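Enquirer: From the sequence below, what's the structure:
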Amino acid sequence: MNIRFVAVLLAAACLAPRPASAQCETPSLLLILDKSSSMVTGTVPGGGTKWDAARAAVSTITGRFDTSIDFGLLVFPDPNRCEVSGVAVPVGPGTASAVAAYLADPPPAGGNYTPMWQAIDVAAGYAPMSDPSERRIAVLVSDGWQWCDPYDPATRFLPVEHAAALRATGTTVYVVGFGDSVDALTLNRIAYQSGTYVPGCDPTGAEPTTPDPCYQKAEDTAELEAVLDAIARRATAEVCDGIDNDCDDDTDEDLARACSTVCGDGLETCRDGSWVDCTAPAPAAGELCDGAMDEDCDGIIDEGCDCVAGESRASGVAAGECRSGTQTCTGGSWDECLGFVGPAAETCEGTDEDCDGTTDEGCLCAEGDVRSCGLDVGACSGGTQTCSGGAWGGCDGAVAPAVETCDDEDNDCDGMADEGCSCSAGTTRPCGTDMGECTAGQQVCSSGTWSGCDGAAWPGPETCNALDDDCNGTTDDGASCPPGESCRAGVCTEGNPESEDPPITPPGDDGTGSGCGCAAAGGAGWLGLVVLGLALVLGLARRPRRRR
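Expert: So this is what the prediction gives:
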């Protein structure tokens with residue numbers, strides 16, 4: 001028998017809350033009892049069948065609590081094999097004799113199996129087990145496994161599922177393993193999920209011999225009676241819930257329990273379903289910081305206090321420009337630190353204002369220091385910088401680099417004069433050409449850039465005038481004439497000099513067929529030459545020279 005469970009039940013009977021009510025409420029208890037053939041073939045220590053032992057224990061408990069508990073009985077199977085037809089003795093007052101009479105008929109020695117989940121399912125659907133106005137208890141007692149013929153291992157844990165459904169109706173479910181042939185893992189799971197397990201149990205135990213089972217164990221009549229008695233007493237014990245649990249016409253009578261605070265122990269009593277008037281000393285709101293008493297009863301004196309009243313201490317560090325001061329304790333807290341000079345930012349004056357043992361750290365220079373700055377290269381000249389506030393000031397008196405102006409000076413002070421300039425200011429150079437009709441000019445440098453070509457005459461289109469108008473060294477090349485004419489000796493004349501061959505005149509022939517190769521004195525040959533020469537001169541006199 002699990003003595004620890006019985007003790008827990010008896011102690012909890014004084015503590016468990018109940019729904020508030022002003023009248024006596026008799027609890028309903030449905031006993032779900034295994035009636036398989038193993039209950040008559042199996043024996044208990046000391047002799048006798050399991051059925052006889054169970055019948056004796058149940059009869060004793062139902063008789064003992066007949067007036068304070070409404071008992072009912074459901075057996076499995078019923079009537080035989082794997083059938084569960086319903087509740088054998090309905091839940092109600094004064095049913096002890098009916099239960100005892102039913103149990104007088106033992107199961108057969110063979111043919112009765114263990115339809116455990118089917119019995120739990122019937123209980124879950126039984127109306128008195130789902131009545132919210134009643135306190136409901138179901139007690140499952142079994143000596144074996146879920147088993148029907150043939151055995152189906154898939155049904156092994158169905159009792160766990162159906163016990164959960166029964167508990168969901170608001171019924172408190174207990175489970176008792178009777179003997180050493182039970183399915184310990186299934187019973188452990190039912191007890192654990194139902195919340196009626198033995199404290200400190202092992203819900204994974206798979207064997208009846210595994211230590212610390214969660215279900216209640218009983219091996220004989222006495223142990224089963226003790227387990228059932230503990231359950232019945234818990235169901236009928238007066239508890240602090242505003243209900244007459246033991247049906248003696250008094251509510252919450254004679255109930256007291258120990259109580260405590262951090263400062264000590266006492267007792268409290270039940271009134272109108274609540275625990276009140278704890279006599280234990282109450283802790284103070286806080287420590288008084290007096291160095292003597294633990295006013296809040298937490299085992300520590302003056303915790304949370306910075307100091308004890310009247311105490312004094314030095315505070316701060318005497319280093320650099322800093323000075324320590326003195327604090328006095330008032331009401332558990334330190335007063336202002338008198339005479340204290342704390343750290344400040346460095347002022348770069350040669351002192352340790354931040355009191356870290358280093359002077360002027362973070363300063364670029366010392367106040368008033370002077371240094372040279374700038375360049376003495378090219379057009380630049382250096383100046384001086386003065387330290388102020390830990391930083392160097394501007395470079396006073398310096399001539400800074402500038403953009404090159406192409407004036408033969410190193411304006412940007414990089415050691416080179418007029419880099420990037422095309423020429424130097426004021427220099428000149430010839431430009432253009434004097435060939436043909438063109439005339440050369442001159443360029444002047446200004447701001448590093450050459451000016452236009454002043455005074456130059458530039459090439460123009462070639463015309464038929466015996467001149468080199470395009471200044472390419474050739475006269476009248478490409479000159480244009482009217483259609484059918486070509487430029488000859490600066491005059492457009494008929495014929496194409498490129499397609500006409502000159503006439504072939506035999507030697508000594510003047511072209512008249514006379515065979516004479518010379519002109520007679522007074523002839524016209526000289527006159528033609530004169531006319532041609534005059535025309536050329538007149539043409540040149542009329543055509544002005546082209547300038548640009």
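
Enquirer: what about the helices in the stretch 1-150 of the chain?
Expert: Using DSSP state H, counting those that start in this stretch, the helices of the stretch 1-150 of the chain run over residues 3-12, 38-41, 50-64, 96-103, 116-124.

Enquirer: C-alpha coordinates for the second one, CSV please?
Expert: The C-alpha atoms that make up helix 38-41 are tabulated as CSV, following Å, rounded to 0.1, in the frame of the first residue of the first chain:
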residue,chain,number,x,y,z
SER,A,38,-8.1,-13.0,-13.2
MET,A,39,-9.8,-11.6,-10.1
VAL,A,40,-10.9,-15.1,-9.1
THR,A,41,-7.9,-17.0,-10.4
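
Enquirer: just checking, what packs against that helix?
Expert: With contacts taken as 3 or more Cβ pairs under 8 Å, 6 or more residues apart in numbering; DSSP states H and E, helix 38-41 sits against helix 50-64. Every C-beta, even on glycine, is put in place using the N, C-alpha and C of the backbone.

Enquirer: for residue 232, helix, strand, or coil?
Expert: Here residue 232 is helix, with the state taken from DSSP: H, G, I helix; E, B strand; the rest coil.

Enquirer: Residue 145: what's its closest spatial neighbour, skipping adjacent residues?
Expert: Nearest residue to residue 145 in three dimensions, chain neighbours excluded: residue 183, at 4.0 Å (Cβ to Cβ, 6 or more residues apart in numbering).

Enquirer: now do residue 265
Expert: In space, residue 265 is closest to residue 280, 5.5 Å off (Cβ to Cβ, 6+ apart).

Enquirer: Contact partners for that neighbour?
Expert: Residue 280 sits next to 259, 260, 261, 263, 264, 265, 266 when contact means Cβ atoms under 8 Å, 6 or more residues apart in numbering.

Enquirer: Could you do residue 439 as well?
Expert: Taking Cβ under 8 Å, 6+ apart as the test, what residue 439 contacts is 432, 455, 456, 457, 547.

Enquirer: sorry, back to before: how much space between the residue nearest to residue 265 and residue 258?
Expert: 9 Å (Cβ to Cβ, to the nearest Å).

Enquirer: circling back to that earlier point, so which of the helices of the stretch 1-150 of the chain is the most surrounded?
Expert: Of all these, helix 116-124 has the most neighbours on average by mean count of other Cβ atoms under 10 Å, namely a mean of 24.

Enquirer: quick one: that one to chain centroid distance?
Expert: Offset of helix 116-124 from its chain centre (Cα atoms, centre = their mean, to the nearest Å): 50 Å.

Enquirer: and what of stretch 270-286?
Expert: For stretch 270-286, the separation from the chain centroid amounts to 46 Å (computed by Cα atoms, centre = their mean).

Enquirer: Kindly report the same for stretch 288-305.
Expert: How far stretch 288-305 lies from its chain's middle: 43 Å, per Cα atoms, centre = their mean.

Enquirer: Contacts made by that stretch with the rest, please.
Expert: With Cβ under 8 Å, 6+ apart as the test, stretch 288-305 has contacts from 261-264, 281, 283-287, 307-309, 329, 331-333.

Enquirer: any idea how far residue 212 is from residue 446?
Expert: Separation of residue 446 from residue 212 (Cβ to Cβ): 112 Å.

Enquirer: thinking again about what came up before, export the contacts of residue 280 to TSV and append columns for pLDDT and neighbour count.
Expert: Formatted as TSV, the contacts of residue 280 follow (pLDDT from 0 to 100; neighbours: other Cβ atoms under 10 Å):
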residue	pLDDT	neighbour count
259	91	16
260	91	14
261	86	14
263	85	16
264	86	12
265	91	12
266	92	15
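
Enquirer: Could you work out the most separated pair of those residues?
Expert: 259 and 263 (11.8 Å; Cβ to Cβ).

Enquirer: thinking again about what came up before, any chance of CSV for the contacts of residue 280, columns secondary structure and distance to residue 382?
Expert: Listed next are the contacts of residue 280 as CSV, based on DSSP: H, G, I helix; E, B strand; the rest coil; distance: Cβ to Cβ, whole Å:
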residue, secondary structure, distance to residue 382
259, strand, 92
260, strand, 88
261, strand, 85
263, coil, 84
264, strand, 88
265, strand, 91
266, strand, 93
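
Enquirer: quick check, nearest of those to residue 396?
Expert: Closest to residue 396 out of the contacts of residue 280 is residue 263 (79.2 Å), distances taken as Cβ to Cβ.

Enquirer: what's the spacing between the closest one and residue 278?
Expert: Relative to residue 278, residue 263 is positioned 11 Å away (Cβ to Cβ).

Enquirer: ok so, going back, I'd like the helices of the stretch 1-150 of the chain laid out as JSON lines, including mean pLDDT.
Expert: Below are the helices of the stretch 1-150 of the chain laid out as JSON lines (pLDDT from 0 to 100):
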{"stretch": "helix 3-12", "mean pLDDT": "45"}
{"stretch": "helix 38-41", "mean pLDDT": "94"}
{"stretch": "helix 50-64", "mean pLDDT": "97"}
{"stretch": "helix 96-103", "mean pLDDT": "97"}
{"stretch": "helix 116-124", "mean pLDDT": "96"}
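
Enquirer: just so I know, which of the ones you listed lies nearest residue 374?
Expert: helix 3-12 (96.1 Å).

Enquirer: Residue 76 is nearest to which of the helices of the stretch 1-150 of the chain?
Expert: helix 116-124 (3.5 Å).

Enquirer: mind saving the C-alpha coords of that closest one as CSV?
Expert: Output of helix 116-124 as CSV, limited to C-alpha atoms (Å, rounded to 0.1, in the frame of the first residue of the first chain):
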residue,chain,number,x,y,z
MET,A,116,-11.0,-1.2,-19.2
TRP,A,117,-11.4,1.7,-21.7
GLN,A,118,-15.0,0.6,-22.5
ALA,A,119,-15.9,0.9,-18.8
ILE,A,120,-14.3,4.3,-18.4
ASP,A,121,-16.1,5.4,-21.5
VAL,A,122,-19.5,4.4,-20.0
ALA,A,123,-18.6,6.3,-16.8
ALA,A,124,-17.8,9.4,-18.8
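
Enquirer: so which strand or helix has residue 267?
Expert: Assessed by DSSP states H and E, residue 267 sits inside strand 264-271.

Enquirer: Just the buried positions in the next helix or strand after that strand, please.
Expert: Sequence order places strand 274-276 as the next helix or strand after strand 264-271, per DSSP H and E. By 16 or more other Cβ atoms under 10 Å, the buried positions in strand 274-276 come out as residue 275.

Enquirer: Tell me the strands beside strand 274-276, with direction?
Expert: Partners of strand 274-276 in the sheet, by DSSP bridges, are strand 264-271 (antiparallel).

Enquirer: So what touches the strand it pairs with?
Expert: When contacts are defined by Cβ under 8 Å, 6+ apart, strand 264-271 is touched by residues 240, 252, 255-260, 275-281, 297.

Enquirer: ok, now stretch 59-70?
Expert: By Cβ under 8 Å, 6+ apart, stretch 59-70 touches 26-29, 71, 91-96, 99-100, 103, 225, 228-229, 232, 235-236, 246-247.
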